[in-house]
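Peer 1: dropping a prediction and its sequence here:
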Number of protein chains: 2
Amino acid sequence: MKRFPKPAPKPDEAGAGRRAREDGDIDFGILPELVGYHIRRAQVAVFGDFATAMADRQITPGQFGILELVGKNPGLSQSALARAVGVERSTMVAVINDLEQRDFIRREPSTVDRRSHAIVLTREGGKTLLVLERIVREHDQRVSGHLSKKEKGLLIGLINGLIPGGRQA
Amino acid sequence: MKRFPKPAPKPDEAGAGRRAREDGDIDFGILPELVGYHIRRAQVAVFGDFATAMADRQITPGQFGILELVGKNPGLSQSALARAVGVERSTMVAVINDLEQRDFIRREPSTVDRRSHAIVLTREGGKTLLVLERIVREHDQRVSGHLSKKEKGLLIGLINGLIPGGRQA
């Protein structure tokens, strides 16, 4: 994410033209007042760092989240995983299919409900998850390592309070 | 976004099966420690509210941002707009094409640089932007209206401090 550095104006452009502006003079209107605008910019920046960190492994934040959930909660159903991350079951099935093809997870027959599967990590998935956790921790350190523990807690609390109405739904 | 409410366990499932869990008992592992995880969840929730608010108008946050920038800075080039929002010029050209087809903006010959265009709102675009600004303000009120002015400033400051290294690049 760019800070929109203000380059020195070229003499032949300064003040010329149809209100042409140097980047540093751009009026962002109501955008800087909008919390959503800042969240979106942060998401773009954070995602960019995550994607760079995972370039060799091609793991998205969503995929990492699923592997982490499966690793910590072996045997959950696809429906339970979908509810946990707040996506449609069909979306979750697609993610699970992909992770299964890559031999990170497998579907086992559920002992609770014959119509569903219990999702577990494969041996390869378990090994990979340990590496991914290290990469993700390093990534998050780059993102927020400058914050004190108190500031980090404050930030997370404020973020999680956004759209409180939507949360109750 | 769901708070993962904890339903009462069904008697025939409680403690049964292959470590099947009720949703409320899910262990999120390292995810809750990660600032990026919370940013992404907030972005999903905020985007969801924005998309609902704009369902009749089919305007994305990115498109709104461009309209706002063009409205406040008539005559910017596509390259300057791309730099301002931190996207590739080719991406910006596609966005501008779409907004031009919808008669919200038009390209005029630049008086500064014959090789570029000056982007301005059409009359229709100017009228539409006023409506969109109202919708977006209402949306942001839903997102963050519960925060005091001080809390909002604190949140924005903390968000904007994320990935400080990336910012300098």
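Peer 2: Noted; the coordinates are in hand.

Peer 1: need the three-state assignment for residue A:57.
Peer 2: coil (DSSP: H, G, I helix; E, B strand; the rest coil).

Peer 1: stretch A:149-164 vs chain B: in contact?
Peer 2: Yes: applying Cβ under 8 Å from any Cβ of the partner chain, one finds stretch A:149-164 touching chain B at A:151, A:152, A:154, A:155, A:156, A:158, A:159, A:160, A:161, A:162, A:163, A:164. Where C-beta positions appear, they are placed from N, C-alpha and C, glycine not excepted.

Peer 1: what packs against the longest helix along chain A?
Peer 2: Longest helix in chain A, counting residues (DSSP state H): helix A:123-144. Secondary-structure packing of helix A:123-144 (3 or more Cβ pairs under 8 Å, 6 or more residues apart in numbering or on different chains; DSSP states H and E): helix A:35-53, helix A:61-72, helix B:35-53.

Peer 1: for the spatially most central residue of chain A, give its distance to residue A:85.
Peer 2: The centroid of chain A falls nearest to residue A:61 when counting by Cα atoms, centre = their mean (4.5 Å). Per Cβ to Cβ, to the nearest Å, residue A:61 is found 11 Å from residue A:85.

Peer 1: what's the answer for residue A:138, then?
Peer 2: 23 Å.

Peer 1: the two: who's more crowded?
Peer 2: residue A:85 (21 against 13; other Cβ atoms under 10 Å in any protein chain shown).

Peer 1: so what pLDDT did that one get?
Peer 2: Note on residue A:85: pLDDT of 88.

Peer 1: same thing with residue A:109?
Peer 2: pLDDT, residue A:109: 89.

Peer 1: that one contacts residue A:115, doesn't it?
Peer 2: No: using Cβ atoms under 8 Å, residue A:109 is not in contact with residue A:115, being 10.3 Å away.

Peer 1: how far does stretch A:106-121 stretch from one end to the other?
Peer 2: Stretch A:106-121 has its terminal residues 6 Å apart, counting by Cα to Cα, to the nearest Å.

Peer 1: is chain B within reach of that stretch?
Peer 2: Yes: residues of stretch A:106-121 contacting chain B under Cβ under 8 Å from any Cβ: A:108, A:110, A:111, A:112, A:118.

Peer 1: buried sites along that stretch?
Peer 2: Going by neighbour count (16 or more other Cβ atoms under 10 Å in any protein chain shown), the buried part of stretch A:106-121 is A:106, A:110, A:112, A:116, A:117, A:118, A:119, A:120, A:121.

Peer 1: quick check: residue A:113 touching residue A:77?
Peer 2: Yes: using Cβ under 8 Å, residue A:113 makes contact with residue A:77 at a distance of 7.0 Å.

Peer 1: three-state assignment of the closest residue to residue A:68 other than its chain neighbours?
Peer 2: In this structure, residue A:68 finds its nearest non-sequential neighbour in residue B:29, 4.4 Å apart by Cβ to Cβ, 6 or more residues apart in numbering or on different chains. Per three-state DSSP, the local secondary structure of residue B:29 is coil.

Peer 1: my read: residue B:29 touches residue A:66, true?
Peer 2: No: with contact defined as Cβ under 8 Å, residue B:29 does not reach residue A:66; the gap is 11.0 Å.

Peer 1: so which of the two has more stuff around it?
Peer 2: residue A:66 (26 against 18).

Peer 1: contacting residues for the more buried one?
Peer 2: Contact partners of residue A:66, counting by Cβ atoms under 8 Å, 6 or more residues apart in numbering or on different chains, are A:81, A:85, A:92, A:95, A:96, A:99, A:105.

Peer 1: which strands or helices does the helix or strand harbouring the third one pack on?
Peer 2: Pointing back at residue A:92 there. Per DSSP states H and E, residue A:92 falls inside helix A:89-101. Applying 3+ Cβ pairs under 8 Å, 6+ apart, we find helix A:89-101 packed against helix A:61-72, helix A:78-85, strand A:105-109.

Peer 1: distance between the second one and the chain's centre?
Peer 2: Looking back up the chat, that one is helix A:78-85. 17 Å (Cα atoms, centre = their mean, to the nearest Å).

Peer 1: and what of the last one?
Peer 2: The gap between where strand A:105-109 is centred and where its chain is centred comes out at 25 Å by Cα atoms, centre = their mean.

Peer 1: please work out which residues outside stretch A:134-148 touch it.
Peer 2: A:46, A:49-50, A:53-54, A:57, A:64, A:152, A:155, B:30, B:33-36, B:158, B:161-166.

Peer 1: switch the cut-off to 10 Å
Peer 2: A:42, A:45-46, A:49-54, A:56-57, A:59, A:61, A:64-65, A:68, A:129, A:151-156, B:30-31, B:33-39, B:158, B:161-166 (Cβ atoms under 10 Å, 6 or more residues apart in numbering or on different chains).
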